[in-house]
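In: Sequence first, predicted coordinates after that:
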Amino acid sequence: MSDALDRTDFEILALLQKNARLSNKELAAAVGLAPSTCLVRVQALREKGILGEAHTDVAPEALGVGLQALVAIRLKQHGRAQLKAFWKHLRSLPEVRTVFHVSGDHDFLLHLTVRDSAHLRDFALDALTSRPEVAHLETSLVFDVAKNPVVPNFRKEEPLK
């Protein structure tokens, strides 16, 4: 398979984004391929880094999460070493679901999951404002979340060969 993606690759990606639990047999039938051919295509998409690991969504409440927040962080300095060290620190924290390195008034945006407001306060003080890189942070509580699990396809499809 070449590096270009064709219509079948895009169909495979769309189906797996909607349901990563599809069996290879079900996926092959849906895109009109033999199971062995479909498996080769999926493996190639993984090897190229186009298709990542599959994960299951878990209800946060079932694990004791009572509060979610978005935290915007502004750094004091923007040297590569400071960014790398702070990025590594953020990725090590279990409360951090997602880290965004962004442009604009803030340098990082975090999606956090915590037990309650006391946990959020302690996390902000102990894990964020105590860091020498941090100049400022702003916290917003998350009242509700809706995610679209499908990444839209903006690429022009390659013709089948």
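Out: Received the coordinates, thanks.
In: where are the low-confidence patches of this structure?
Out: 1-3, 157-161 (pLDDT under 70).
In: Strands of that one, start to end?
Out: Residue ranges of the strands in the chain, as given by DSSP state E, are 67-75, 96-101, 108-114, 134-142.
In: Of these, which is nearest Ala34?
Out: Closest to Ala34 of the strands of the chain is strand 96-101 (C-beta to C-beta; 37.9 Å). In short, each C-beta sits where N, CA and C put it, glycine included.
In: Send over the closest one as PDB, restricted to the C-alpha atoms.
Out: These are the backbone C-alpha positions of strand 96-101, laid out as PDB (Å, rounded to 0.1, in the frame of the first residue of the first chain):
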ATOM      1  CA  VAL A  96      -4.800  16.000  33.700                       C
ATOM      2  CA  ARG A  97      -6.900  14.400  30.900                       C
ATOM      3  CA  THR A  98      -5.800  16.500  28.100                       C
ATOM      4  CA  VAL A  99      -3.000  19.100  27.600                       C
ATOM      5  CA  PHE A 100      -3.100  21.700  24.800                       C
ATOM      6  CA  HIS A 101      -0.100  23.900  24.100                       C
END
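In: So this structure: which segments form each domain?
Out: Domains of the chain are assigned by automatic domain parsing as 7-47, 60-142.
In: If the most centrally placed residue in the chain is in a bridge, with which residues?
Out: By C-alpha atoms, centre = their mean, the chain has its centre lying nearest to Thr98, at 6.3 Å. Judged by DSSP bridges, the bridge partners of Thr98 are His111.
In: I figured it hits Leu110, correct?
Out: Yes - applying C-beta atoms under 8 Å, one finds Thr98 in contact with Leu110, separated by 7.1 Å.
In: tell me, how many neighbours does the spatially closest residue to Arg74 that is not a sequence neighbour end up with?
Out: Using C-beta to C-beta, 6 or more residues apart in numbering and skipping residues adjacent in sequence, the residue nearest Arg74 is His136, 4.3 Å away. Residues within reach of His136, counting by other C-beta atoms under 10 Å, total 13.
In: distance of His136 from Lys76?
Out: His136 sits 9 Å away from Lys76, going by C-beta to C-beta, to the nearest Å.
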